[in-house]
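Chemist: please work out how this folds:
(chains A and B)
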Amino acid sequence: MSNPVEKVLMKGNEAFAEAAIRGGANFYFGYPITPQSEIPEFMSRELPKRGGVFLQAESELGAINMAYGAGAAGGAVFISSSSPGIALMQEGMSFLCSAEVPLVALNVSRGGPGIGGIQPGQADYFQATRGGGNGDYRIPVFAPASIQEAVDMLYEAVDLAKTWQNPVMVFADGIMGQMMEPVALPQQRPFTDSKDIRAEKPWAVTGYGNDDANKNVVKSLRMQPDDLERHVEYLFEKYRRAEKELCRAETHDVEEADLVLVAFGTVARITREAVEILAWRGIKAGLIRPISLWPFPHGAFDKIGARTRVVISAELSMGQMIEDVRLAVGKRIPVELIHRTGGMIPTSLEIADRAEKIYGEVK
Amino acid sequence: MRTPVFEYTKGMCRVDTSYCPGCTHGIAHRLITETLFEMELIGETIGVAPIGCSVQAHKFMNIDMCESAHGRAPAVASGIRRVHPDKVVFTYQGDGDLASIGTAEIVHAAARGEKFTTFFINNCIYGMTGGQMAPTTLLGQRSTTSQDGRRREQAGAPIRVSELISTLDGAVYVERVALDTPAHIRKAKQAVKKAIEYQRAGLGFTFVEFLSTCPTNWGVTPSNAMKWLADNMITYYPLGVLRTPEVAK
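Modeler: As a prediction, the model looks like this:
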């Protein structure tokens, strides 16, 4: 019998921070914002003890640009914020993508628009998947449905960001940040010593030492249109590879379903219960849980069988992911929306009732 | 064998710069790179270029460098310095970049006492975008967005950045120099050297402001630009050391 995995009960935000550190991210730059302020608090306490660097920025603009500098210099960087703060960071996201600088970013999202509220929301779906910054770029975005999954994602994201030389985002809503769950924490990966950065990341700006033939420049400006076009085409070759390699989804019983519900993050957990309620009522509901929001897991929708009358996107927004669901489903099956917004959370019963009503109308 | 009395510094790349005739960016570039080369630190240095005419400084300076979004260079340099605490780090920023869009970043980097050096190029105007009013544009000075001259009641008075920075305890060395005469240029080089020495000593944030020219957007000849700097800028932006570390006193 294998050893039982030791689990600890942790608050989401603290588990996220711990996971990023264990993944090897030893640089954190942040600014307080609810509902994620436990992360900078945790980092200020833990990172220096373990040989890392915590720095409280003057703003989210400061934080993302410190992250860019540290990343360009070859450091493994983690940042976190919540919706309005992530909005401020979009200038940097666009810049980092063009300059191909790795970064792990976490959005513990809340309701909007504007300052909105501090309760959970998923209305940053467009911001996360369509790019809130300027220009042609993409960011892989992963949405966890449990603290354990978030921990595993953040741990892996440190590696993914380095491999793809691009920011990678984890999109967790405020519920995930504030709730507690038992988690198994992964092993600590060693931090890279600053002296070893040049060997590991030969593109990083570190000072070239004795040989100026190795001079490095990290940049995003390309004044010549043909040069910029070539660069963007090159970035999109990378993004097309990412579309093949990073698509992730969880699917349940979609082949023989009367209706298929689609939900990510916390809403997917509530929707799982709604599926059971619907089963008691004699309605076979399938579930697709996109884990990668970009690239969106279109393939998961190909499994939907001929019996399915309607596909329903359940979201904490006025309907944003539904646009991707429509693209994935095409005109084959009607696509409808169940939503709450502003920080309101639907119960499983509410989702089941609304799904049953929609199903009754299309049957 | 003849001993050369003057040569191209190896701190600069052997390429033509994109700067206009009479612009002092070239002088400032040379002072910084030549000093780093003479101090045998050129390969141990990481620079941050701003948005502005000097966005492509990395093409001209023979130094590992990265670009920065507009005004964010001090945040970028803070990140770099935390990863490489034993390297020399500097930002090179114009007045629009540093004194307008980037005021939060420069003030907080200075307040934190970040151990890098900022070289601040003040030419009283936005250069790259074509001569708009900068926070440092003098009262009465014409620009494309103050076509009858800057008026205090409409746009406020120009910011004296070195004086502002020198009020912050994290800034250990603040000096304003000018690039209009050989004597001033020699003094400017001494300021560059001191700033780098204090950075190396880990004393805190160091800041050198260069009063610079922009003949193209001022609408004057290169030689008249030097005269305009001396007659108008130095009277409003007095030269000298505003702050220096205890050890140097």
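Chemist: residue numbers of the stretch 201-350 of chain A in contact with chain B?
Modeler: Taking C-beta under 8 Å from any C-beta of the partner chain as the contact definition, the stretch 201-350 of chain A meets chain B at A:205-212, A:215-221, A:223. (Glycine included, C-beta is placed from N, CA and C.)
Chemist: residue of chain A nearest chain B, please.
Modeler: Ranked by C-beta to the nearest C-beta, the top residue of chain A for proximity to chain B is residue A:69, at 2.9 Å.
Chemist: tell me the contacts of that residue?
Modeler: Residues in contact with residue A:69 (C-beta atoms under 8 Å, 6 or more residues apart in numbering or on different chains) are B:48, B:66, B:68, B:75-80, B:83.
Chemist: burial of the closest residue in space to it that isn't next to it in sequence, as a residue count?
Modeler: Spatial nearest neighbour of residue A:69, excluding adjacent residues (C-beta to C-beta, 6 or more residues apart in numbering or on different chains): residue B:79 at 2.9 Å. The burial count assigned to residue B:79 is 33, neighbours taken as other C-beta atoms under 10 Å in any protein chain shown.
Chemist: what about the host helix or strand of residue B:79, average pLDDT?
Modeler: Using DSSP states H and E, residue B:79 sits in helix B:73-83. On average, the pLDDT along helix B:73-83 is 98.
Chemist: quick one: the strands in the stretch 51-200 of chain A?
Modeler: Assigned by DSSP state E, counting those that start in this stretch, the strands in the stretch 51-200 of chain A fall at A:53-56, A:77-81, A:103-109, A:141-142, A:167-173, A:180-183.
Chemist: the first one pairs with which strands?
Modeler: Strand pairing for strand A:53-56, determined by DSSP bridges: strand A:27-30 (parallel).
Chemist: what does the partner strand rub up against?
Modeler: So strand A:27-30 is in contact with A:17, A:20, A:39-40, A:43, A:47, A:52-57, A:62-64, A:66-67, A:70, A:75-81, B:79, B:82-83, going by C-beta under 8 Å, 6+ apart.
Chemist: ends of stretch B:12-28, what's the gap?
Modeler: Start-to-end span of stretch B:12-28 (C-alpha to C-alpha, to the nearest Å) is 11 Å.
Chemist: meant to ask about stretch B:52-68
Modeler: 10 Å.
Chemist: can you check stretch A:169-187 too?
Modeler: Chord length of stretch A:169-187, first to last residue, is 21 Å (C-alpha to C-alpha).
Chemist: buried residues in that stretch?
Modeler: Neighbour counts over stretch A:169-187 (16 or more other C-beta atoms under 10 Å in any protein chain shown) mark A:169-178, A:181, A:183, A:185 as buried.
Chemist: same deal with stretch A:330-341?
Modeler: For stretch A:330-341, a neighbour-count test (16+ other C-beta under 10 Å) marks A:333-341 as buried.
Chemist: residues touching that stretch, excluding its own?
Modeler: A:111, A:121, A:123, A:304, A:308-319, A:322, A:325-326, A:329, A:346, A:351, A:354-355, A:358, A:362.
Chemist: out of those, which sit inside strands?
Modeler: A:310-315 (DSSP state E).
Chemist: hang on, the earlier thing: now, which of the residues of the stretch 201-350 of chain A next to chain B sits nearest residue A:265?
Modeler: The closest of those to residue A:265 turns out to be residue A:220 (C-beta to C-beta; 31.1 Å).
Chemist: before we move on, back to that, the residue nearest to residue A:69 touches residue A:74, doesn't it?
Modeler: No - if you go by C-beta atoms under 8 Å, residue B:79 and residue A:74 don't touch, sitting 10.9 Å apart.
Chemist: hey, what's in contact with both of those two?
Modeler: Common contacts of residue B:79 and residue A:74 (C-beta under 8 Å, 6+ apart): none found.
Chemist: what about the residue of chain B found nearest chain A, distance to residue A:40?
Modeler: Across chain B, no residue is closer to chain A than residue B:79, which sits at 2.9 Å (C-beta to the nearest C-beta). According to C-beta to C-beta, to the nearest Å, residue B:79 and residue A:40 sit 16 Å apart.
Chemist: and what of residue B:97?
Modeler: From residue B:97 to residue A:40 the distance is 28 Å (C-beta to C-beta).
Chemist: who's more crowded, these two?
Modeler: Per other C-beta under 10 Å, whichever of residue B:97 and residue A:40 has more neighbours is residue B:97, with 30 against 25.
Chemist: am I right that the more buried one sits in a strand?
Modeler: No - counting by DSSP: H, G, I helix; E, B strand; the rest coil, residue B:97 is located in no strand; its state is helix.
Chemist: for it, what are its contacts?
Modeler: Contacts for residue B:97 (C-beta under 8 Å, 6+ apart) come out as B:50-52, B:70-71, B:73.
Chemist: next, see if stretch B:54-73 gets close to chain A.
Modeler: Yes - Stretch B:54-73 is in contact with chain A by C-beta under 8 Å from any C-beta, via B:55-56, B:58, B:62-69, B:72.
Chemist: could you turn the buried ones of these into a PyMOL selection?
Modeler: In PyMOL, this line selects whichever of those come out buried by 16+ other C-beta under 10 Å:
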select buried, chain B and resi 55+56+58+62+63+64+65+66+67+68+69+72
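Chemist: mind checking which of the residues of stretch B:54-73 next to chain A are in helices?
Modeler: Under the assignment DSSP state H, those contribute residue B:58 to helices.
Chemist: contacting residues around residue 58?
Modeler: In the absence of a named chain, chain A is used. Contact analysis of residue A:58 by C-beta under 8 Å, 6+ apart lists A:31, B:75, B:104-105, B:107-108.
Chemist: my bad, chain B
Modeler: Residue B:58 makes contact with A:217, A:219, B:47, B:49, B:65-67 under the criterion C-beta under 8 Å, 6+ apart.
Chemist: read off the pLDDT value for it.
Modeler: We note a pLDDT of 97 for residue B:58 in this prediction.
Chemist: the longest helix along chain B and chain A in contact?
Modeler: For chain B, the longest helix by residue count, based on DSSP H, is helix B:182-200. No - Helix B:182-200 does not reach chain A (C-beta under 8 Å from any C-beta); its nearest approach is 13.1 Å.
Chemist: what pairs with the residue nearest to the spatial centre of chain B across the strands?
Modeler: The structure's chain B has its C-alpha centroid closest to residue B:120; by C-alpha atoms, centre = their mean the separation is 2.4 Å. Residues in a beta bridge with residue B:120, per DSSP bridges, are residue B:93, residue B:209.
Chemist: how close does residue A:325 get to residue B:28?
Modeler: Taking C-beta to C-beta, one finds residue A:325 at 55 Å from residue B:28.
Chemist: next one: residue B:60
Modeler: In terms of C-beta to C-beta, residue B:60 sits 11 Å off from residue B:28.
Chemist: coming back round to it: tell me the buried residues within the residues of the stretch 201-350 of chain A next to chain B.
Modeler: A:205-208, A:215-220.
Chemist: residue A:124 contacts residue A:171, doesn't it?
Modeler: Yes - taking contacts as C-beta under 8 Å, residue A:124 lies within contact range of residue A:171: 7.1 Å.
Chemist: overlap in contacts, those two.
Modeler: Common contacts of residue A:124 and residue A:171 (C-beta under 8 Å, 6+ apart): A:107, A:109.
Chemist: interface residues of the stretch 1-150 of chain A facing chain B?
Modeler: A:27, A:29, A:53, A:55, A:57-59, A:61-63, A:65-75, A:77, A:91-92, A:95, A:99.
Chemist: show me where chain B has its strands.
Modeler: Taking DSSP E, the strands of chain B run over residues B:45-49, B:64-67, B:88-94, B:117-122, B:171-178, B:205-211, B:240-243.
Chemist: list the buried ones in the first one?
Modeler: This means strand B:45-49. Quick answer for strand B:45-49 (16+ other C-beta under 10 Å): B:45-49.
Chemist: of all those, which two lie farthest apart?
Modeler: Farthest apart among the buried residues of strand B:45-49 by C-beta to C-beta are B:45 and B:49. That separation is 13.0 Å.
Chemist: thanks a lot, see you next time.
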